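Visitor: no FASTA, just this:
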């Protein structure tokens, strides 16, 4: 028993000795690493310190100040851009409200009635008349009405004619707009010592005004440009616009229109009458036989 106890005590002593040696080795390794870090830090500090000692701190603070100013400028730009976008949105909304108010209060001039003109003095001055000349004339009688809420100023009417599909207009919209825009320079500045039946100086809301100084003129030279020179008859169309101004608007407004001219003829079938779309050059047509058919798809812009 004594021998066994001595052996166990010896084994425990050996184990404790190995544990102590292992702990001592770990402490030695930690001390070695710590000493190595200190040496490295001192070496790095000896190398860096001369540079720090001779460093130009003025340039450093200047660079820092420039960076701060740049960041501040960027911040001001971002805030300013946000405010500008907000302002633009508010301005767009206000402009939309102003446009809506103007559209509600502006004048709107329309054709109240349109028919061939019949002179109360000369019965011959009515309908399509040639009078044996190389030119036919169809005077028109416009009745204009202001259905808006403000007076319309410098009201003018322009009319242009063409011979339907036979003339093969390639850019009818451009031709219409050029003729309407030409009205803006057709009259000198008022007051002027001259009378014009085609210029209505002012048309108040709800008022009507006639315009009898406009008509269609059919020339033989115009028909000669058609494919059959008008030998088989010709169609007669006309377009135009009512041009006027609003007191608070810089740009003029206009109402566009387009009509096809037809005439009533005798027919062998009930009710004994029919609409003829073609005219013959030199053939007079009385006013009560002529009809003007609106053609909205052929009219220009209305604004």
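Guide: Sure, I can see it. Computed from a prediction, not measured in an experiment: that's the story for all the values here.
Visitor: which regions of the protein sit below the pLDDT cut-off?
Guide: 1-11, 13-15, 17-18, 48-49, 51-59, 98-103, 132, 186-198 (pLDDT under 70).
Visitor: can you pull out the helices in it?
Guide: 2-53, 57-105, 172-181, 220-223 (DSSP state H).
Visitor: Pull out the buried residues from the shortest one.
Guide: By that I understand helix 220-223. Buried residues in helix 220-223, counted by 16 or more other Cβ atoms under 10 Å: 222-223. (Each C-beta comes from the backbone N, C-alpha and C, glycine too.)
Visitor: please renumber so the chain begins at 15
Guide: In the new count, where the first residue is 15, that last one comes out as helix 234-237.
Visitor: Residue 141 is in contact with residue 300, correct?
Guide: Yes: using Cβ atoms under 8 Å, residue 300 is in contact with residue 141, at 4.4 Å.
Visitor: Just want to know which of those two has more residues nearby.
Guide: residue 141 (20 against 15; other Cβ atoms under 10 Å).
Visitor: Leaving out the residues flanking it, which one is nearest to the more buried one?
Guide: residue 301 (3.8 Å; Cβ to Cβ, 6 or more residues apart in numbering).
Visitor: What is the burial count for the one you found?
Guide: Residue 301, neighbours per other Cβ under 10 Å, totals 19.
Visitor: Tell me how far it lies from residue 277.
Guide: For residue 301, the distance to residue 277 equals 10 Å [Cβ to Cβ, to the nearest Å].
Visitor: Repeat that for residue 52.
Guide: From residue 52 to residue 277 the distance is 118 Å (Cβ to Cβ).
Visitor: More neighbours: which of those two?
Guide: Set residue 52 next to residue 277 and count neighbours by other Cβ under 10 Å: residue 277 wins out with 21 against 10.
Visitor: can you give me the strands for the stretch 215-317 of the chain?
Guide: 222-233, 250-259, 267-280, 287-290, 304-308 (DSSP state E, counting those that start in this stretch).
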